[in-house]
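Engineer: turn this into a structure:
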Amino acid sequence: MAVTVETLEKLERKITLSLPLAAIQTEVEARLKKVARTVKMDGFRPGKVPMNVVAQRYGYSVQYEVLNDKVGEEFAKAVQEAGLRVAGQPRISEKEGAAEGSADFEAVFEVFPEVKIGDLAAAEVEKLTAEVDDSAIEKTLDILRKQRRTFAQRAAAEAAVDGDRVTVDFEGKIDGETFAGGKAEGFQFLVGEGQMLKEFEDAVRGMKAGESKTFPLAFPEDYHGKDVAGKTADFLVTLTKVEAANLPEVNEALVKSLGIADGSVEALRADIKKNLEREVKFRLQARNKQAVMDALVSVAELDLPKASVQAEVARLMESARADLKQRGIKDADKAEIPEDIFLPQAERRVRLGLVVAELVKANKLEATPEQLKAHVDELAASYEKPEEVVRWYFGDRQRLAEVEAVVIENNVTEFVLGKAKVSDKAVSFEELMGQA
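Structural biologist: Below is the predicted model:
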């Protein structure tokens, strides 16, 4: 059949569909006969209900069902013949003035845009590099030692210093009134490790067991406790116990406790370096991938399908509500969340998805089986039983699809880096890991 496609806006199209009423009626009658064979009604034996009774009871719903199916079939044929890629669901309405013996419908819908990717050679990308140096290994070793530290009570005359574990009783008041969460007994924390607000740590540092102190504490404006955020409280703290930390020596016993069978410090350092290098690789890939995607979007031209953007907004809102629910927010599913706050992110995601898909298609950047296996092996390498992790990924199509998406993005990243103007920037290990 000849399909006439009318352009309404940039990506909005309209098709008129014409259905012969005779074909619709034939299908309705066929389905009603099928219903009549199994339908149960009071006063009739199964399969013996008269057709006029079946039609009276089920005729409208069956006709509605047939129309939906037939319009859907005709729409699918029409867009296929016209070579259109439909974005989202069409809006279909019956059209008046149809010729005798037919019913006409108008389908208004959006199509995916033509994506024009500009000259990648003109795109500028800053590519980060980082190395795992000895200081990074030492810091990691210190963290491992701290995780296994023990504590011993200090002598009564010794004051609390950074690294000590202290036990305190405290009470805070705002305008003379105790507030929720402002009072505790036998509370423990480590001095100098940021577990408490700075004013609280400063007050306890230098105190001895049995001493008490009063001090003001100004809660930050962005403090998680909304009732006290931005307010100043008066605290009374009593130090009941001070315990000094004892870090284990880096010896065979420690090394073996960390899973290194031969107990050598050299093997432990090598294992730490290997794990850090794997983490650095993943973080560099993520940061450089972000830079590449920014550059890719900057050289691409396309219109965005409103339906795709709206669908992405809906997904982001659903994710936000799920996050609120996980945090224990009451009635999170009913929370009023303005759609506008998700619009820029949704538009970027849709734009990026269309651009990446076009680049992948045009340059054959799909993930190969070998790449999938290599990436899963790398993900599994940091686990105690890598072979079980590999089976876990390959045993579920959804999990493997997520890996495939990452590999494709990596392929796109490498492809763009091979074409663009790339400037290397070395960053420290601490900066890359977010410790600077």
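Engineer: mean confidence for the helix or strand harbouring L296?
Structural biologist: Element membership of L296, judged by DSSP states H and E, is helix 265-298. Here helix 265-298 scores 92 as its mean pLDDT.
Engineer: and what of stretch 39-53?
Structural biologist: 79.
Engineer: flag the shaky bits of the protein, pLDDT-wise.
Structural biologist: 1-3, 435-436 (pLDDT under 70).
Engineer: just give me the neighbour total for N410.
Structural biologist: 18 (other C-beta atoms under 10 Å). All C-beta atoms are positioned from the backbone trio N, CA, C, and that covers glycine.
Engineer: how about the nearest residue to it, chain neighbours excluded?
Structural biologist: Ranked by C-beta to C-beta, 6 or more residues apart in numbering and with sequence neighbours excluded, the top spatial neighbour of N410 is Q285, at 6.4 Å.
Engineer: quick check: buried residues in the helix holding L296?
Structural biologist: 268-269, 272-273, 276, 280, 283-285, 287-289, 291-293, 295-296 (16 or more other C-beta atoms under 10 Å).
Engineer: which elements pack onto the very next helix or strand once past that helix?
Structural biologist: Next along the chain after helix 265-298, taking DSSP H and E as the criterion, comes strand 300-301. Packing partners of strand 300-301 (3 or more C-beta pairs under 8 Å, 6 or more residues apart in numbering; DSSP states H and E): strand 116-117.
Engineer: so how far is stretch 205-212 off the chain centroid?
Structural biologist: Its chain's average C-alpha position is 46 Å from that of stretch 205-212, according to C-alpha atoms, centre = their mean, to the nearest Å.
Engineer: how about stretch 168-181?
Structural biologist: 39 Å.
Engineer: grab the CA positions of that stretch and hand them over as PDB.
Structural biologist: Provided in PDB are the C-alpha atoms of stretch 168-181 (Å, rounded to 0.1, in the frame of the first residue of the first chain):
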ATOM      1  CA  VAL A 168      32.800  10.000  76.500                       C
ATOM      2  CA  ASP A 169      29.500  11.000  78.100                       C
ATOM      3  CA  PHE A 170      28.100  14.200  76.500                       C
ATOM      4  CA  GLU A 171      25.000  16.500  76.500                       C
ATOM      5  CA  GLY A 172      24.300  19.300  74.200                       C
ATOM      6  CA  LYS A 173      21.700  22.100  74.600                       C
ATOM      7  CA  ILE A 174      20.400  24.800  72.300                       C
ATOM      8  CA  ASP A 175      18.800  27.700  74.200                       C
ATOM      9  CA  GLY A 176      19.000  25.700  77.300                       C
ATOM     10  CA  GLU A 177      17.100  22.700  75.900                       C
ATOM     11  CA  THR A 178      18.400  19.300  75.100                       C
ATOM     12  CA  PHE A 179      17.800  18.300  71.500                       C
ATOM     13  CA  ALA A 180      17.300  14.900  69.800                       C
ATOM     14  CA  GLY A 181      20.600  13.100  69.400                       C
END
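Engineer: much appreciated, bye for now.
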